[in-house]
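**Q** my questions concern the predicted model and sequence given below.
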Amino acid sequence: MFTHTDLARLQAQSLKMQGFIRQQTYSPQNEKTLRRFSSWEVAELIFKVNQSTMRGRLAADPTLPQGTVEADGRQHWYALEEINELRRRLKVNRRSLMPYRPAGKRAMRAAIANFKGGAGKSTVALHFAHAAALDGYRVLCVDFDPQATLSHSMGLSDVAEEYTVWGIMARDLAAETERMNRASQGAESGTSLPQRRLPASITDMGLADLRAADFIKPTNWPTIDIVPSCANAAFVEFASAQYRHLNPEWSFFAAVSRFLDQLPADAYDLILFDCPPAIGYQSMNAVFAADMLYIPSGPGYWEYDSTTSFIGQLSEALEDLSRFNGLVPAGTMNLPKAFLDLRFLLTRFEPNNDLHRAMQQAFLKVFGDRVTEHPIEMTRAVEQSGRFLSSIYEIDYRDMTRETWRRARASFDQAYAEFRTHLCAAWDQLEDER
Ligand SMILES: Nc1ncnc2c1ncn2[C@@H]1O[C@H](COP(=O)(O)OP(=O)(O)O)[C@@H](O)[C@H]1O
Ligand SMILES: [Mg+2]
C-alpha cells in the first residue's frame, strides 16, 4: 500500500536527481549563465547584415565592443550587453538597428494560453522571450503556471510563494479592500457602509509593504526579468476562491493588470505570460491583462478538440466578468475585455506528416486568418535542448549538428518574426500613455 509518505519519499528522490541535472547543465555555481554569440550569429542572424560589412564597421571603430576570441578560433564572441551596445551605436545603410517601439506607449502584453498540457505554451513563451531579447527588446515574463516550467528554464528554481502571482493577488486583495473601505466611509457622510475586514493571515503577511519591483527577478539574460512561479503557488486557486468570498466585489481577475500598471511605462517593451493548462483565477488574470492572445496548439485531432473547448470556456468566463462592469477601477484594461489581436499557432508541426497537414488545413478552414502563417516545427533540437533546460537560442550551435540547430532556429525565428509583426501592429493601436 502507498500513502502520502511514499509519495513524499519518491519526490525527495526525484528532487535529488533534479539538483544533479542542474549541476551538470549550469555553471559550477549551479547558476544558469548565458553564452556569448559569434560574429556570424550577430551579423547574419541578429542584425541581419552581411558579415563582411559588420567586420569592416568593427575594424573602423576600435571603441566599439570587440567581443572575445577563443584560443583556437577566429570568430569573435559577444555578450548580449555588447550586442546591445553595438545595436545602439551602429547604423547600417543609415538604418538603425534598434527594434521598433512606438513613442508614448507602455509595454505590450501577450498571453500564451491554452488548456492542454504539452501544447507547447512554455516552449513558445521561452523562445519568444529569447528571440525578442536578441532583437533588442526588454522583456518581462510572468509565469502563471505553478508547474513553473518557464521559471525553471530561466534558471529560477528557488522561489518563495509570496513572490509569485499568488503574492500579487493577495497584495491586490488587501489594497483593493482598503480602497473600497475608504470609499464607502467617505460616501454620504455619517452613513458609512459596513467595512470589510480581512483575516490576519492575509493582512499580516507584510505584502502591503512590498513594492511592485519586489516581485520581479532577474534571469540569466540581462534584458529578461521574470515574475516566477513555484509548486507551492498551486494553492493560489484555492486561496483565490477564499479571497473572493472575503470580498465579493474584488475584481480578482484584474490584480495582475493593476500590478503591471504600477511599473514605469518604459521599463519593458514586451511582457509575456505563460499560462497554466486550465481556466482559473491565474489564467483569467493573464488573459485580462493581455493585449494579445496567442493560442498554441499541437497538430493532432485531440489538440484541436481541446483548443475548441478552451476558446468556448474562455468566452464564457470573459462574458461572466460583465457583472463587474463599472466596478473595475480605472486602469489600462476595461470591460468587456477586448484583445487587440488573437492568433492560433500550430506547434510540434511536421511538414511531411500528412495528418499534421490535414489538421493545419482544418485549422485554416475553421479559424481562417487567425491561424499564423508559420507553425512551429517539431524538432529534435528542441527535445534535446529541453533536456538541458535551455532554448535553441541558448544552445551553442557547435554542440549540435549545425543543420539541426539551424532548422530549429529558423522555425522559431519565423514564428517570432510573424509574432513581432502582429505585436507592432497592435502596439500602434494601443492607447497612448495617459
Ligand atoms: N517544437 C517542438 N519540437 C519538439 N518538442 C517540443 C516542441 N515544442 C514543445 N516540445 C516538447 O513538448 C513538451 C511540452 O511542451 P511545453 O512547452 O512544456 O508545453 P505546455 O507548456 O503547453 O505544457 C516539452 O517536453 C517540450 O520540450
Ligand atoms: Mg507549460
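**A** That came through, no problem. Ligands and ions are numbered 1, 2, ... in the order given.
**Q** what does the stretch 1-150 of the chain have sitting close to ligand 1?
**A** Residues of the stretch 1-150 of the chain lying near ligand 1 by C-beta under 6 Å from any ligand atom: Gly117, Gly118, Ala119, Gly120, Lys121, Ser122, Thr123, Thr149. Backbone N, C-alpha and C define where each C-beta goes, glycine included.
**Q** can you do 5 Å?
**A** Gly117, Gly118, Ala119, Gly120, Lys121, Ser122, Thr123 (C-beta under 5 Å from any ligand atom).
**Q** of these - the most surrounded one?
**A** Lys121 (30 neighbours; other C-beta atoms under 10 Å).
**Q** which pair in the residues of the stretch 1-150 of the chain next to ligand 1 spans the largest distance?
**A** Based on C-beta to C-beta, the longest span within those runs between Gly117 and Thr123 and measures 12.0 Å.
**Q** returning to what we had before: from the residues of the stretch 1-150 of the chain next to ligand 1, pick the one nearest ligand 2.
**A** Ser122 (3.3 Å; C-beta to the ion).
**Q** just the C-alpha atoms of the host helix or strand of the closest one, please, in CSV.
**A** In this structure, Ser122 sits in helix 121-134 according to DSSP states H and E. C-alpha atoms of helix 121-134 as CSV (Å, rounded to 0.1, in the frame of the first residue of the first chain):
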residue,chain,number,x,y,z
LYS,A,121,3.0,27.1,-24.3
SER,A,122,6.1,27.2,-22.2
THR,A,123,8.3,26.4,-25.1
VAL,A,124,6.8,29.2,-27.2
ALA,A,125,7.0,31.6,-24.3
LEU,A,126,10.7,30.8,-23.6
HIS,A,127,11.7,31.0,-27.3
PHE,A,128,9.7,34.2,-27.9
ALA,A,129,11.3,35.8,-24.9
HIS,A,130,14.8,34.9,-26.0
ALA,A,131,14.1,35.9,-29.6
ALA,A,132,12.7,39.2,-28.5
ALA,A,133,15.7,39.9,-26.3
LEU,A,134,18.1,39.1,-29.1
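**Q** and ligand 2, is it touching that?
**A** Yes - using C-beta under 5 Å from the ion, helix 121-134 reaches ligand 2 at Lys121, Ser122.
**Q** which positions in that helix come out as buried?
**A** Along helix 121-134, the positions that meet the burial threshold by neighbour count (16 or more other C-beta atoms under 10 Å) are 121-134.
**Q** and Asp266, that's in a helix?
**A** No - going by DSSP: H, G, I helix; E, B strand; the rest coil, the assignment for Asp266 is coil, not a helix.
**Q** burial count for it?
**A** Counted with other C-beta under 10 Å, Asp266 comes out at 13.
**Q** and the one 10 residues further on, by the same measure?
**A** Using other C-beta under 10 Å, Pro276 has 26 neighbouring residues.
**Q** tell me which helix or strand the closest residue to it other than its chain neighbours sits in.
**A** Spatial nearest neighbour of Pro276, excluding adjacent residues (C-beta to C-beta, 6 or more residues apart in numbering): Asp145 at 4.0 Å. Assigned by DSSP H and E, Asp145 falls within no helix or strand.
**Q** in contact with Asp145, which residues?
**A** By C-beta atoms under 8 Å, 6 or more residues apart in numbering, Asp145 lies in contact with Lys121, Ser122, Ser229, Asp274, Cys275, Pro276, Pro277, Gln282.
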